[in-house]
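Undergrad: build the 3D model from these lines:
(chains A and B)
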Amino acid sequence: MKLFRILAVWCFILFAAAGIQQAQAQQPEMRDVEFSSAPPQQEIEMADTLRQDGKIYVVVVVLLTVLGGMIAYLVTLDRKVSRLEKQMRD
Amino acid sequence: MKKNWWKILAVVLLVFTVVAGMLSEVPRLAILNETIRNLYFHVPMWFGMILILLISVIYSIKYLRNPTIKNDVIAYESAKVGILFGVLGIVTGMEWAKFTWGEYWSNDPKQNGAAVGLLIYFAYLVLRSSFNEQQQRARISAVYNIFAFAALIPLLFILPRLTDSLHPGNGGNPGFNAYDLDSRLRMVFYPAVLGWTLLGIWIINVKSRLELIRQRLYETV
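TA: As a prediction, this is how the structure comes out:
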């Protein structure tokens, strides 16, 4: 159960990090729209966060997935061993 | 929860390493370009390996002073995880070297030292598996482990500094000065070292607990 909480904390961090990136990515765009006077916007707004900066965000997502998978695996192993330890004690 | 706080710390640090390691500003250096970010993934393997092998040596010494199965198991499992980190370090180093130094293996003194050091540790695994009797195996491999660590330090940290090396911090240069311009690198590098090391300690923790359960099961059955 303890380790389940660790997993929850990890998920929270992952989504928090994604949220911060999105917020950072959106701020300048909004300023542009608010203060532009004459030229009509050529760019069409899309969900661009993952395609920015040479698509480095895709790498970040992949790395986080690998890391998350590895850690989730380790967490389940840890819990299995804890359960065995408990059984041995009884 | 109180006992497991360091596992959460490991996860937090590793997530920080990946996110900040990929997205943070890094110095713009010729040849290295963006590969400078490998500093957060390749170098912590070696720092982690040294710290984990140090744990292994400490438990080997503890075993010689107080021969319990637990001390032996932790020393063995730490050595195995340390070797894993070393192999990952050498493979990532070769990949990095191919695209910056031009060759996977350029017989750099530090590369050779690392290879010899790893071979010494492979011999530890072979030596260990060649005993049937538990106490004999534990005692002799503990003695060998201390020797192996003592041989590894000069191979990685002293001999490469006495000659020219492609690695930064060698050939008379103080370590790390090449990056010292930038404290931004350190901001991610030190958390990365701690995160990867804690991950290794976590693996050791799970593996030694499993091994201890296994041994206790054999005793009772």
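
Undergrad: switch to C-alpha atoms for all contacts and neighbour counts from now on
TA: OK.

Undergrad: near chain A, which residues of chain B show up?
TA: Residues of chain B that fall close to chain A, judged by C-alpha under 8 Å from any C-alpha of the partner chain: B:1, B:4, B:7-8, B:11-12, B:15, B:18-19, B:22-23, B:203, B:206, B:209-210, B:213.

Undergrad: what confidence value was assigned to the most centrally placed residue in chain B?
TA: Centroid check for chain B by C-alpha atoms, centre = their mean gives residue B:49 as the closest residue, at 0.9 Å. You'll see residue B:49 listed with a pLDDT of 96.

Undergrad: and residue A:69, by the same measure?
TA: 89.

Undergrad: hmm, which helix or strand of chain B has the shakiest average pLDDT?
TA: Least confident helix or strand, chain B: helix B:159-162 with a mean of 82, by mean pLDDT, DSSP states H and E.

Undergrad: residues of that one that come out buried?
TA: Residues B:160, B:161 are the ones in helix B:159-162 that count as buried (16 or more other C-alpha atoms under 10 Å in any protein chain shown).

Undergrad: what's the separation between residue B:151 and residue B:113?
TA: Relative to residue B:113, residue B:151 is positioned 10 Å away (C-alpha to C-alpha, to the nearest Å).

Undergrad: residue A:79 too?
TA: 39 Å.

Undergrad: with neighbour numbers in mind, choose between those two.
TA: Taking other C-alpha atoms under 10 Å in any protein chain shown, residue A:79 and residue B:113 do not tie; residue B:113 has more neighbours (21 against 17).

Undergrad: who are the neighbours in contact with that one?
TA: B:155, B:156, B:159, B:160 (C-alpha atoms under 8 Å, 6 or more residues apart in numbering or on different chains).

Undergrad: redo those as a markdown table? Include distance to residue B:90.
TA: Formatted as a markdown table, those follow (distance: C-alpha to C-alpha, whole Å):
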| residue | distance to residue B:90 |
| --- | --- |
| B:155 | 14 |
| B:156 | 12 |
| B:159 | 17 |
| B:160 | 15 |
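
Undergrad: and which of the residues you listed is nearest chain A?
TA: Distance to chain A across the contacts of residue B:113 (C-alpha to the nearest C-alpha) is lowest for residue B:156, with 28.3 Å.

Undergrad: I figured that closest one hits residue B:110, correct?
TA: Yes - using C-alpha atoms under 8 Å, residue B:156 is in contact with residue B:110, at 6.1 Å.

Undergrad: that older thread, can you name the next helix or strand after the least confident helix or strand of chain B?
TA: Next helix or strand after helix B:159-162 toward the C-terminus (DSSP states H and E): helix B:183-220.

Undergrad: residues near residue 87, how many?
TA: Assuming you mean chain A. Residue A:87, neighbours per other C-alpha under 10 Å, totals 9.

Undergrad: try again with chain B
TA: When neighbours are counted by other C-alpha under 10 Å, residue B:87 registers 18.

Undergrad: next up, the contacts around it.
TA: The contact partners of residue B:87, by C-alpha under 8 Å, 6+ apart, come to residue B:118.

Undergrad: what kind of secondary structure is residue B:67 in?
TA: When classified by DSSP: H, G, I helix; E, B strand; the rest coil, residue B:67 comes out as coil.

Undergrad: next, it: phi, psi?
TA: Backbone geometry at residue B:67, expressed as degrees, to the nearest 10, gives phi -70, psi 90.

Undergrad: related to what we said a few turns ago, which strand or helix spans the residue nearest to the centre of chain B?
TA: Using DSSP H and E, residue B:49 sits within helix B:43-65.

Undergrad: residue B:148 against residue B:121, yeah?
TA: Yes - contact criterion C-alpha under 8 Å: residue B:148 and residue B:121 qualify, at 6.6 Å.

Undergrad: how far away is residue B:114 from chain A?
TA: For residue B:114, the distance to chain A (C-alpha to the nearest C-alpha, to the nearest Å) stands at 26 Å.

Undergrad: do residue B:80 as well
TA: Distance, residue B:80 to chain A, using C-alpha to the nearest C-alpha: 16 Å.

Undergrad: quick one: contacts for that residue?
TA: Shown in contact with residue B:80 (C-alpha under 8 Å, 6+ apart): no residues.
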